[in-house]
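> sequence-free structure coming up:
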């Protein structure tokens with residue numbers, strides 16, 4: 001059969017029930033295509049579209065849709081004539097907290113819609129249009145084919161599929177196959193563990209009860225108009241008193257018209273992309289960056305669960321990473337939302353706001369004094385780690401263990417590291433409520449955990465008994481833990497109410513905490529434990545990144561930074577995907593742009609990294625497991641090349657490769673709640689525009705030569721003074737703007753898509 005040309009998608013069963021009465025006979029089931037492509041944001045995002053010219057066969061090479069809750073992946077199943085629509089949902093999890101979270105609170109597989117054709121699928125021509133968050137295209141079979149459009153509605157969590165088959169595939173039929181409702185984890189499964197009961201199957205729905213109560217339900221309905229049809233499907237989770245079935249059916253029966261649904265869906269996504277802009281001349285990198293912004297909004301929202309290892313998706317075959325990993329994965333996934341100006345995606349802050357009381361159960365039982373928190377992993381979306389039950393308390397492997405004992409783990413620092421992420425998010429918005437309601441109360445209790453174990457040595461310094469440096473070795477005075485203690489004890493006196501009686505204690509800890517142990521190679525793992533083998537985790541470098549206790553701007557810090565980084569990066573045999581973005585960002589912080597780009601491109605170019613690899617659809621595969629964090633943190637490494645900020649300085653184009661003569665940014669958010677636009681042209685910074693949301697002090701490293709003009713948006717002079725070499729200090733009140741140019745220049749301040757240096761392919765399966 002000749003391949004069909006583009007536009008539209010799937011198809012459903014002729015026996016499916018009609019949709020609700022609001023979908024009147026004769027209403028359209030194929031929505032109109034967006035036509036206006038004049039905006040630079042739209043041009044850039046449409047350019048980042050993903051294409052499929054080869055048939056995808058699994059989660060690691062398929063298109064993906066989502067809205068933070070419902071996740072969908074589309075690919076051919078093992079049967080040659082069957083297309084799968086894998087349905088997943090970030091709320092759907094078990095509720096048997098007597099077992100560790102990855103088992104008893106595990107995310108659960110749901111199932112997949114199948115579209116069965118008369119002929120074998122031989123070709124596809126698909127486009128994942130990021131701008132509208134829609135999958136469109138054609139399917140060719142040996143008997144004909146089909147056109148389609150598909151989306152997961154942004155607000156309603158509804159999968160919509162509009163389709164039109166050729167005559168040879170007019171009987172192509174939908175069905176749904178539920179998957180067993182049990183964890184796919186294979187590690188430490190209790191002998192008494194059993195899966196949840198078989199589902200209840202009805203006309204156009206599957207209801208899955210849970211042993212612990214509640215459950216989840218999948219429902220779907222179809223409307224036909226002539227040869228066209230529209231499928232709508234949804235998944236609803238209920239706990240503890242509902243399986244969600246009634247809500248799922250009602251949702252489908254009361255849907256607005258397709259035109260209304262599509263219009264509201266597109267409006268959200270189009271506005272989402274206009275909040276910021278990044279354009280660089282390496283279009284392989286640029287497209288990857290925008291795909292990660294799409295992926296991030298598919299995977300998380302402030303009102304949605306914090307991302308698990310798989311985001312909202314559940315890969316076919318499952319795996320053992322069935323929960324939330326708080327020992328690095330969440331921490332490196334979320335920084336991207338700050339600079340890209342998307343606080344609406346901040347599920348981390350809202351998770352701690354809602355569920356912080358569960359943090360007490362990660363503390364060993366004899367330390368649960370109401371003033372101490374910790375965060376064991378893996379956990380669920382409500383910060384529970386599960387574990388054996390004893391009365392009303394959870395204990396055993398649910399806790400982070402006790403330093404200096406046989407129960408010690410590498411989890412003692414999880415919570416403070418997570419709080420550092422909340423701190424950086426706060427610094428990008430300067431919303432004081434985050435400090436008062438979340439950061440201060442939780443961080444003080446997280447530090448209290450360590451204060452139970454710090455001991456004074458004969459040198460008068462405070463030392464930490466044996467803990468475990470994540471994924472490497474046990475050590476006293478573990479650098480990973482010390483760096484987090486030092487950051488917390490330094491920041492708490494600055495954010496606590498002035499009368500907090502703990503302030504003297506915190507200051508004493510900051511002053512007397514033992515220095516990091518070192519050797520000729522720089523900072524080592526801990527007391528007497530050097531780094532002697534490749535280590536994928538950068539845990540013993542946290543003081544540099546992301547904590548920035550020591551910085552390249554401080555000449556006195558450069559030697560220890562360089563030696564430690566060079567030694568760690570000289571041994572890469574055990575590195576994972578996220579190691580390369582970490583090395584890229586650290587290189588940017590050290591003013592090494594070519595090195596930063598080389599590390600980033602090594603991951604993006606699909607190199608095999610041990611058992612790991614970035615896949616053609618930008619998903620990341622480690623062994624057989626999906627892991628979402630590596631590509632997301634790689635997008636942050638792109639941001640680190642074009643903007644950098646800390647509590648002291650905003651740096652524009654701090655680490656741009658000499659191979660990138662031009663760059664354009666707009667709407668980029670920095671610490672201090674500044675919104676930055678800037679342009680680089682012919683290898684130099686052309687202009688910078690800074691808007692102040694909070695009236696914080698602005699110190700700007702502009703990277704421009706010669707005399708400067710600093711004016712507001714009306715051309716009036718703005719007060720400023722020179723700081724250290726390369727820096728200027730600008731006085732901006734809340735709501736004011738400064739535009740920095742070379743003396744006498746009045747350049748075009750509009751964002752732009754800079755020219756490509758070389759042709760680059762689209763992501764996907766071309």
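Nice, thanks for sending it over. Note that this is a predicted model, so its numbers are computed, not measured.
> use CA for all of it now, contacts and neighbours both
Will do.
> So which residue is dead centre in this protein?
In the chain, the residue lying closest to the centroid (CA atoms, centre = their mean) is residue 333, at 3.9 Å.
> Touching, it and residue 632? I think so.
Yes. Taking CA atoms under 8 Å as the definition, residue 333 is a contact partner of residue 632 at 5.5 Å.
> how's the protein carved up into domains?
Here the domain parsing of the chain from automatic domain parsing is 40-274, 650-742.
> ranking these by burial, who's on top?
Counting by mean count of other CA atoms under 10 Å, domain 40-274 has the highest mean neighbour count of the domains of the chain, with a mean of 21.
> Give me the distance between the two termini of stretch 158-171.
End-to-end span of stretch 158-171 (CA to CA, to the nearest Å): 24 Å.
> One more: stretch 749-766?
36 Å.
> And for stretch 715-733?
17 Å.
> So for that stretch, mean pLDDT?
Averaged across stretch 715-733, pLDDT comes to 95.
> and what of stretch 388-405?
For stretch 388-405, mean pLDDT is 66.
> just stretch 487-503 next, same as before
Averaged over stretch 487-503, pLDDT sits at 97.
> contacts for that stretch?
Residues lying outside stretch 487-503 but in contact with it, judged by CA atoms under 8 Å, 6 or more residues apart in numbering, are 416, 435, 440, 443, 444, 447, 506, 507, 509, 510, 547, 549.
> From these, list the buried ones, please.
Among these, those scoring as buried are 416, 435, 440, 443, 444, 447, 506, 507, 509, 510, 547 (criterion: 16 or more other CA atoms under 10 Å).
> Which two among the residues you listed are spaced furthest apart?
435 and 509 (21.1 Å; CA to CA).
> Please state the offset of stretch 96-112 from the chain centre?
Remark: stretch 96-112 is offset 21 Å from the chain centroid, using CA atoms, centre = their mean, to the nearest Å.
> Please tabulate the domains of the chain in a markdown table, including the columns distance to residue 561.
Output for those, formatted as a markdown table (distance: least, CA to CA, whole Å):
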| stretch | distance to residue 561 |
| --- | --- |
| domain 40-274 | 36 |
| domain 650-742 | 17 |
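> out of those domains, nearest to residue 618?
domain 40-274 (8.3 Å).
> Now do that closest one, average pLDDT.
Here the average pLDDT along domain 40-274 is 96.
> Also stretch 366-380?
Per-residue pLDDT values across stretch 366-380 average out to 95.
> ok so, going back, I'd like the buried ones among the contacts of stretch 487-503 as a markdown table, with pLDDT, secondary structure and distance to residue 111 appended.
Below are those laid out as a markdown table (pLDDT from 0 to 100; DSSP: H, G, I helix; E, B strand; the rest coil; distance: CA to CA, whole Å):
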| residue | pLDDT | secondary structure | distance to residue 111 |
| --- | --- | --- | --- |
| 416 | 98 | helix | 37 |
| 435 | 98 | helix | 41 |
| 440 | 98 | helix | 42 |
| 443 | 98 | helix | 40 |
| 444 | 98 | helix | 43 |
| 447 | 98 | helix | 43 |
| 506 | 98 | helix | 51 |
| 507 | 98 | helix | 54 |
| 509 | 98 | helix | 52 |
| 510 | 98 | helix | 52 |
| 547 | 98 | coil | 42 |
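> Closest one of those residues to residue 294?
Nearest to residue 294, judged by CA to CA, of the buried ones among the contacts of stretch 487-503 is residue 547 at 27.4 Å.
> Distance of that closest one relative to residue 483?
Going from residue 547 to residue 483 by CA to CA gives 8 Å.
> Buried residues in the helix or strand encompassing residue 565, which are they?
Taking DSSP states H and E as the definition, residue 565 sits inside helix 558-569. The neighbour-count check on helix 558-569 (16+ other CA under 10 Å) flags 560, 561, 562, 563, 564, 565, 567, 568, 569 as buried.
> hang on, residue 318 in a strand?
No. Judged by DSSP: H, G, I helix; E, B strand; the rest coil, residue 318 forms no part of a strand; its state is coil.
> which residues touch residue 428?
By CA under 8 Å, 6+ apart, the residues touching residue 428 are 338, 339, 669, 670, 671, 672, 673, 674.
> The fourth one against residue 651, yeah?
No. Counting by CA under 8 Å, no contact exists between residue 670 and residue 651, whose distance comes to 9.4 Å.
> Spit out the residues that contact the two alike.
The contact sets of residue 670 and residue 651 overlap at 644, 645 (CA under 8 Å, 6+ apart).
> For the residue nearest to the residue nearest to the centre of the chain when sequence neighbours are not counted, give me its contacts.
Sequence neighbours aside, residue 629 is the residue nearest to residue 333 in space, at 4.9 Å (criterion: CA to CA, 6 or more residues apart in numbering). Residue 629 sits next to 309, 329, 330, 332, 333, 578 when contact means CA under 8 Å, 6+ apart.
> any idea which of these is closest to residue 721?
Nearest to residue 721 among the contacts of residue 629: residue 332, at 36.2 Å, using CA to CA.
> what's the neighbour count on that closest one?
Neighbour count of residue 332, defined by other CA atoms under 10 Å: 24.
> tell me the contacts of the residue nearest to it when sequence neighbours are not counted?
Closest residue in space to residue 332, ignoring its immediate chain neighbours: residue 633 at 5.7 Å, by CA to CA, 6+ apart. Going by CA under 8 Å, 6+ apart, residue 633 touches 332, 333, 334, 335, 336, 578, 581, 582.
> Residue 474 now?
Applying CA under 8 Å, 6+ apart, we find residue 474 in contact with 466, 467, 468.
> How about the contacts made by residue 648?
Neighbouring residues of residue 648 by CA under 8 Å, 6+ apart: residue 699.
> ok, and it, which helix or strand is that part of?
According to DSSP H and E, residue 648 maps onto no helix or strand at all.
> From residue 476, how far off is the residue of the chain most remote from its centre?
Distance from the C-alpha centroid of the chain, by CA atoms, centre = their mean, peaks at residue 458 (44.8 Å). Here the distance between residue 458 and residue 476 works out to 15 Å (CA to CA).
> now residue 318
37 Å.
> With neighbour numbers in mind, choose between these two.
Per other CA under 10 Å, whichever of residue 318 and residue 476 has more neighbours is residue 476, with 21 against 18.
> And that one, how far from residue 452?
For residue 476, the distance to residue 452 (CA to CA) stands at 15 Å.
> And the helices in the stretch 1-150 of the chain, which stretches?
With helices called from DSSP state H, counting those that start in this stretch, the stretch 1-150 of the chain shows them at 40-47, 101-104.
> what about those helices, which gets the closest to residue 361?
helix 101-104 (12.4 Å).
> Name the residues that touch the closest one?
By CA under 8 Å, 6+ apart, helix 101-104 touches 94-98, 183, 185, 189, 320-323, 377-380, 384-387.
> Residue 127 and residue 50 touch, don't they?
Yes. Counting by CA under 8 Å, residue 127 touches residue 50, with 5.7 Å between them.
> could you dump the helices of the stretch 1-150 of the chain to TSV with distance to residue 702?
Converted to TSV, the helices of the stretch 1-150 of the chain look like this (distance: least, CA to CA, whole Å):
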stretch	distance to residue 702
helix 40-47	24
helix 101-104	48
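> quick one: which of the contacts of residue 629 is nearest to residue 59?
Lowest distance from residue 59 to the contacts of residue 629 (CA to CA) belongs to residue 309, with 13.7 Å.
> circling back to that earlier point, now the residue nearest to residue 332, what are its backbone angles?
Per-residue torsions, residue 633: phi -70, psi -20 (degrees, to the nearest 10).
> Compute the distance between it and residue 471, please.
To residue 471, residue 633 is 19 Å away according to CA to CA.
> what's the answer for residue 582, then?
Counting by CA to CA, the gap from residue 582 to residue 471 is 16 Å.
> Fine, thanks again, bye for now.
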